[in-house]
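**Q** need a structure here:
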Amino acid sequence: MKTVTKSLMIALCGVLMYGTVSASGPEPATRSQAGQTDEAAKKKPFRVGMYRVIHTLTMNVLIDKNLGERVVVKLMDPKGNILFQDYMGVRQKKYGRKFDFSQVPDGNYAVVITNGEEEIVKDIRLSTQKLYEMPARSLVAVN
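**A** Next up, the predicted model:
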């Protein structure tokens, strides 16, 4: 399993040097709403944070969960195939993972975090910015 994970992480490193990665999606159901108290937010089984490392094609995923819960983290490609899967044990409270999208093709990816009852899906849109050459222009002054 470790060699598969390492091979997958190596495959995810590198290619798209000129691209962008952005995380978007609906607000997760586990996020605290304005009317809820801090005590209600603490009872949630897990919380997820995700952000892009500036000037790179790397996404950081951070999970904070209650002890006694088992959580599965999956990275899915646009076709729904599982590219990466990891488990958080019942004794583990915090989890962090970096996903490097520099070697994968453009498309919509998803990070799915679930404990069997609740599921949070974070969408990642990877697109390459197209470069184009401006037409040559000249400026001539006539007296």
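**Q** what comes up buried for stretch 113-128?
**A** Buried residues in stretch 113-128, counted by 16 or more other C-beta atoms under 10 Å: 113, 115, 120, 122, 124, 126. Where C-beta positions appear, they are placed from N, C-alpha and C, glycine not excepted.
**Q** can I get the CA coordinates of it in CSV?
**A** Output in CSV follows, covering the C-alpha atoms of stretch 113-128 (Å, rounded to 0.1, in the frame of the first residue of the first chain):
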residue,chain,number,x,y,z
ILE,A,113,-13.7,13.3,3.3
THR,A,114,-16.2,11.0,4.9
ASN,A,115,-16.8,9.1,8.1
GLY,A,116,-19.6,6.9,6.7
GLU,A,117,-22.4,9.2,7.9
GLU,A,118,-21.2,12.6,6.9
GLU,A,119,-19.3,13.6,3.7
ILE,A,120,-17.5,16.8,2.7
VAL,A,121,-16.6,17.3,-0.9
LYS,A,122,-14.1,20.0,-1.9
ASP,A,123,-13.9,20.7,-5.6
ILE,A,124,-10.5,21.5,-7.3
ARG,A,125,-10.5,23.0,-10.7
LEU,A,126,-7.1,22.7,-12.5
SER,A,127,-6.7,24.7,-15.7
THR,A,128,-3.7,25.9,-17.8
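**Q** what about it, average pLDDT?
**A** Across stretch 113-128, pLDDT averages out at 90.
**Q** so how far is Met88 from Lys65?
**A** Distance, Lys65 to Met88, using C-beta to C-beta, to the nearest Å: 6 Å.
**Q** next, Glu69: phi, psi?
**A** Backbone torsions for Glu69, taken as degrees, to the nearest 10, come to phi -90, psi 150.
**Q** check what pLDDT it gets.
**A** The model's pLDDT for Glu69 equals 86.
**Q** and if you look at Leu131?
**A** Leu131 is given a pLDDT of 78.
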